[in-house]
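Novice: 3D, please:
(chains A and B)
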Amino acid sequence: MSIYKRAQQWTTFTRVWHLFDAKWQNPFESAKIIQKYLAGLHKPIYGPSADTGDHVVVINSKEIALPGDEWQKRVYFHHTGFAGGASWTFAWELHEKDPTLVLKKAIYNSMKGNLYRHTKMERLHIYPDANVPQEILENVTNQIRRPRLIPKRLDEYSEEEVEKFPKLIDYPEDYVIQKIK
Amino acid sequence: MVFRTFPLFVRNRGPDELWRKRRILKLSAHFHGRSRNCYSIAVRAVHRALVYATKARALKKEDMRALWDARLTAACEEHKFSYSLMRESLSRCNILLNRKVLTDLAIWEPRSFKSLVKLAWSRASQDGLNGVKELGEEPSGVITRGMIK
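Specialist: Got it, this is the predicted structure:
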């Protein structure tokens, strides 16, 4: 094998590090995208036994958004193995205990249960906020597109933009408007 | 050979037992344990293996197809295009490349594949196929001298 071919082989199979910002994203929708990158399904050289998966660094997992009333309705089951060892934890409870776990479990469950699953999960790095260790952040070379755009809140617009926005009616003078905090 | 009765003639199974068994044991030479050398076990294992081999000939085609589909989906998504639209538009353009050739192009000739995606995309948006508009703007720079129809 010539030096050129060898270098080509290395560069083709190099692991890329991707960044994913989970702010206000649905974890179950994001999991389907992230697991593709972990498995290498985003590359045309993919093979089930070739291990072409990449690393994914997920930030802001504390600010994920579950759809509907899933925070109250979704329940995570755990059993210690002893009699009476079953426990059920609500999603909001689990998120308070560890803000990375809901996303991590969503990604874990979106994968097929085979022997490659643990290897793929090893390449996933989840952080609750934007504080990522430097040695991890310096590897990142790509950002994964978020499935949902983050809408701009009303209090994030400047007063000038709010004034300029066309309005249909004028409020009466004695009408009390609740301020957004 | 002399057969005194008809049942003895029916029971006779050929000139030599050794060669009949040897034919089976050659097929089981790479098996594990007693199914390699003990004939009565080996013959059962060989029959099973031949059944598997027959079924696997069809399964291999299915598996390769699934692999090519996975690879081509990835290759199309690299260019923000969809695989189903790609197949439909290429056949409309009368570009009759199969999954294997398209995969080889995507891996070994990524720029040829990119130009195929561009061509398919412009054909898809020209024909107004479902779901093209959601993918965004079609790529510019496809010059075909009206041959795209």
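Novice: which SS state does A:K32 fall under?
Specialist: Three-state assignment for A:K32 (DSSP: H, G, I helix; E, B strand; the rest coil): helix.
Novice: okay, now it: neighbour count?
Specialist: Using other Cβ atoms under 10 Å in any protein chain shown, A:K32 has 13 neighbouring residues. Just so you know, the C-beta spots here come from the backbone N, C-alpha and C atoms, and that holds for glycine as well.
Novice: any weak-confidence spans in chain A?
Specialist: A:180-181 (pLDDT under 70).
Novice: By proximity to chain B, which residue of chain A wins?
Specialist: A:P44 (3.9 Å; Cβ to the nearest Cβ).
Novice: Wait, that residue touches B:T103, no?
Specialist: Yes - using Cβ atoms under 8 Å, A:P44 is in contact with B:T103, at 7.0 Å.
Novice: Give me the common contacts of the two.
Specialist: Residues touching both A:P44 and B:T103 (Cβ atoms under 8 Å, 6 or more residues apart in numbering or on different chains): B:R71, B:L72, B:A75.
Novice: So which bits of chain B are right by chain A?
Specialist: Contact residues, chain B versus chain A (Cβ under 8 Å from any Cβ of the partner chain): B:67, B:70-75, B:77-78, B:103, B:106-107, B:110.
Novice: Now, of the residues you listed, which are buried?
Specialist: By neighbour count, with 16 or more other Cβ atoms under 10 Å in any protein chain shown, these hold B:L67, B:A70, B:R71, B:L72, B:T73, B:A74, B:A75, B:E77, B:E78, B:T103, B:A106, B:I107 as buried.
Novice: Need the pLDDT of the third one.
Specialist: Translated: B:R71. B:R71 carries a pLDDT score of 97 in this model.
Novice: so who does it touch?
Specialist: A:P44, A:I45, A:Y46, B:T103, B:A106, B:I107.
Novice: at 10 Å what do you get?
Specialist: A:41, A:43-47, B:83, B:99, B:102-104, B:106-107 (Cβ atoms under 10 Å, 6 or more residues apart in numbering or on different chains).
Novice: Reduced to three states, what does it come out as?
Specialist: helix.
Novice: Restricted to helices, list the contacts of B:R71.
Specialist: Per DSSP state H, helices hold the following members of those: B:Y83, B:R99, B:L102, B:T103, B:D104, B:A106, B:I107.
Novice: between these, which is nearest chain A?
Specialist: When the ones in helices among the contacts of B:R71 are compared against chain A (criterion: Cβ to the nearest Cβ), the nearest one is B:A106, at 4.1 Å.
Novice: what about that closest one, distance to A:Y127?
Specialist: Separation of B:A106 from A:Y127 (Cβ to Cβ, to the nearest Å): 34 Å.
Novice: Give the burial count for the closest residue to B:F31 other than its chain neighbours, as a bare number.
Specialist: Closest residue in space to B:F31, ignoring its immediate chain neighbours: B:A45 at 5.7 Å, by Cβ to Cβ, 6 or more residues apart in numbering or on different chains. The tally of other residues near B:A45 (other Cβ under 10 Å) stands at 19.
Novice: got a pLDDT number for B:A45?
Specialist: B:A45 carries a pLDDT score of 98 in this model.
Novice: What of B:M1?
Specialist: 65.
Novice: Ranking helices and strands of chain B by mean pLDDT, which lands last?
Specialist: helix B:6-11 (a mean of 86; mean pLDDT, DSSP states H and E).
Novice: Check which element follows it along the chain.
Specialist: Going down the chain from helix B:6-11, the next helix or strand is helix B:17-27, by DSSP states H and E.
Novice: how far out from the middle of the chain is that following helix?
Specialist: 33 Å (Cα atoms, centre = their mean, to the nearest Å).
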